[in-house]
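>>> 3D, please:
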Amino acid sequence: NAVASSLDDSQQATLSNVASNNMMCIDPEERRIAVFERTAPSVVFIDTFTEQRDAFSTNVMEVPLGSGSGFVWDEDGHIVTNYHVVRNARSAQIAFLTKKESSTLSSSSTFGSGKTNFGPIMKSATSGADNSEGDEIFPYTSARGGQTVDFKRSVYKARVVGVDPGKDIAVLKVDAPVEDLYPINVGTSTGLRVGQQSLAIGNPFGLDHTLTAGVISGIGREVRSPIGRPISNVIQTDAAINPGNSGGPLLDGNGKLIGMNTAIYSPSGGSAGIGFAIPVDAVKYIVETLIRDGQIVRAVMGVSLLDSKQARTLGINKGVLVLDVPTDSPAYKAGMKGTRRTEYGLVEIGDIITKVNNIPINKEADLFEALEKFKPGDRVDVVVNRVDRSDTASAEMMKLKEVTLTIQLKASSSSKQLQLIPLPDPNSIGQ
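Down below sits the predicted model:
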């Protein structure tokens, strides 16, 4: 306006800061509602299916396997979720909340790159994967302004772009029109502090687009991926996360993505107030690599390791015990020895990895983190503690000697492409 145009740059910056501070003074409940309404269209419901042979015939039927959450990454139709959500699936379909042309909307309500910000609509929990009656329409009424927006539940077939089992991340793709896609607002996990607000949106127990709120309870945690590989720097939150939330977004108080919900700690299987999310900085790098290359290639030595907790019971308090060294691995060629059982039934301890290029290794997470710094083909010096079998002076005390091995790392083979078979077109597709 005329007043704003008459201000110099410093005055306009001051005015902008005042407006920002006013936003911070918004009632917390109103702020949380606004974040949910802006982000919910970016969150998707994933149904997975598997094949099962009919007990009374030779027919093979497709039956529901499970459900999970995910979120829209970009306007090209890429969907991000957990690898374990689709790991055992034969096929998958993804449900979106999409706008149905209806009522008048506020021109000031925006999302992403100029898209209108539509509030989400809850679908009945009794609605399963079979949407045989087509799109379901739900009126949404906003308490602010009395606007009404109609939404429909549209379902699209998904195909896999790439997976990273080691970080429990999968990227899917749908062929949906751009007007149905609302990419999530990606933030950063750098600088997160314990006590910050956190919001989780997902589909727990099939209840789609459920919001739960809490705080960041801890940072720098560690969880296991589906293939047993440690995932480091994980975010801990007390926002309720339950089965079905996997793959959904964890947001900060401004509605920006800070993590992807992946696991919970619970004796009962339900939420116990301890949930974990993969930090968005790690998610972003992996997702962009999967979209570009279709796979994640890591440098490995080609050996199997004993879990550190189990190694402690053997008296190994430092380093990682090597269990098996396949004959075609680069570690075998360098002379690394694995654990074996002798002809007398005794366990013969293998090499214990303690350093990689002078990086101390105390547990397997340290080893994986160290190898992340290298690429296939690099040569590394690996220091191991090896049982000195030439010293037979003490039968009760195991004497170790330090050995340095030079190993040429090879490419991992764990990023195998996951194949999903297309589903028959649901009635709602393209409607």
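
>>> drop to CA atoms for contacts and neighbour counts, all remaining ones
Fine.

>>> the host helix or strand of I235 pairs with which strands, and in what direction?
Element membership of I235 [criterion: DSSP states H and E] is strand 230-237. Paired neighbours of strand 230-237 in the sheet (DSSP bridges): strand 210-224 (antiparallel), strand 275-279 (antiparallel).

>>> just name the most buried of those strands.
Most buried of the strands paired with strand 230-237, by mean neighbour count (mean count of other Cα atoms under 10 Å): strand 275-279, with a mean of 27.

>>> in the stretch 151-300 of the chain, where is pLDDT below threshold?
Applying pLDDT under 70 to the stretch 151-300 of the chain picks out residues 151, 268-271.

>>> which stretches in it count as helices?
280-293 (DSSP state H, counting those that start in this stretch).

>>> quick one, strands of it?
In the stretch 151-300 of the chain, the segments counted as strands under DSSP state E, counting those that start in this stretch are 159-164, 169-173, 197-202, 210-224, 230-237, 249-251, 257-264, 275-279, 299-300.

>>> can you list these in JSON lines and add distance to F49?
As requested, the strands of the stretch 151-300 of the chain are exported to JSON lines (distance: least, Cα to Cα, whole Å):
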{"stretch": "strand 159-164", "distance to F49": "13"}
{"stretch": "strand 169-173", "distance to F49": "15"}
{"stretch": "strand 197-202", "distance to F49": "19"}
{"stretch": "strand 210-224", "distance to F49": "22"}
{"stretch": "strand 230-237", "distance to F49": "27"}
{"stretch": "strand 249-251", "distance to F49": "23"}
{"stretch": "strand 257-264", "distance to F49": "20"}
{"stretch": "strand 275-279", "distance to F49": "25"}
{"stretch": "strand 299-300", "distance to F49": "33"}
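
>>> now do the helices in the stretch 301-431 of the chain.
Assigned by DSSP H, counting those that start in this stretch, the helices in the stretch 301-431 of the chain fall at 308-313, 330-334, 364-371.

>>> average pLDDT across the first one?
The reference is to helix 308-313. The average pLDDT within helix 308-313 is 81.

>>> mind listing what's buried along that helix?
Residues S308, A311 are the ones in helix 308-313 that count as buried (16 or more other Cα atoms under 10 Å).

>>> point me to the helix or strand that includes V35.
helix 28-39.

>>> chain center to that helix, what's the gap?
From the chain centre to the centre of helix 28-39 is a distance of 23 Å (Cα atoms, centre = their mean, to the nearest Å).

>>> got the angle for that helix vs strand 210-224?
Relative orientation of helix 28-39 and strand 210-224, computed by axes from the mean of the first three to the mean of the last three Cα atoms, to 10 degrees: 80 degrees.

>>> let me see the contact set for F368.
Residues near F368 by Cα atoms under 8 Å, 6 or more residues apart in numbering: R229, P230.

>>> at 10 Å what do you get?
The contact partners of F368, by Cα atoms under 10 Å, 6 or more residues apart in numbering, come to R229, P230, I231, S232, R298, A299, V300, I361.

>>> go on, V194?
Contacts of V194 (Cα under 10 Å, 6+ apart): V215, I216, S217, G218, I219, I235, Q236, T237.

>>> please name the nearest non-neighbouring residue to it.
Among residues not flanking V194 along the chain, I216 sits closest, at 5.1 Å (Cα to Cα, 6 or more residues apart in numbering).

>>> what's the answer for D307, then?
E364 is the one closest to D307 (Cα to Cα, 6+ apart), at 7.2 Å.

>>> returning to that earlier point: which one of the contacts of F368 has the most neighbours?
Most neighbours among the contacts of F368, by other Cα atoms under 10 Å: V300, with 24 neighbours.

>>> distance to S412 added to the strands paired with strand 230-237, as a markdown table?
Formatted as a markdown table, the strands paired with strand 230-237 follow (distance: least, Cα to Cα, whole Å):
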| stretch | distance to S412 |
| --- | --- |
| strand 210-224 | 18 |
| strand 275-279 | 21 |
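
>>> L305 is nearest to which of the ones you listed?
strand 210-224 (14.3 Å; Cα to Cα).

>>> for burial, what's the neighbour tally of A92?
A92 has 26 nearby residues by other Cα under 10 Å.

>>> the chain should start at 28 in everything you say after this.
From this message on, residue numbering opens at 28, which makes the last subject A119.

>>> correct me, but it touches V113?
Yes: at 7.5 Å, A119 counts as touching V113 under the criterion of Cα atoms under 10 Å.
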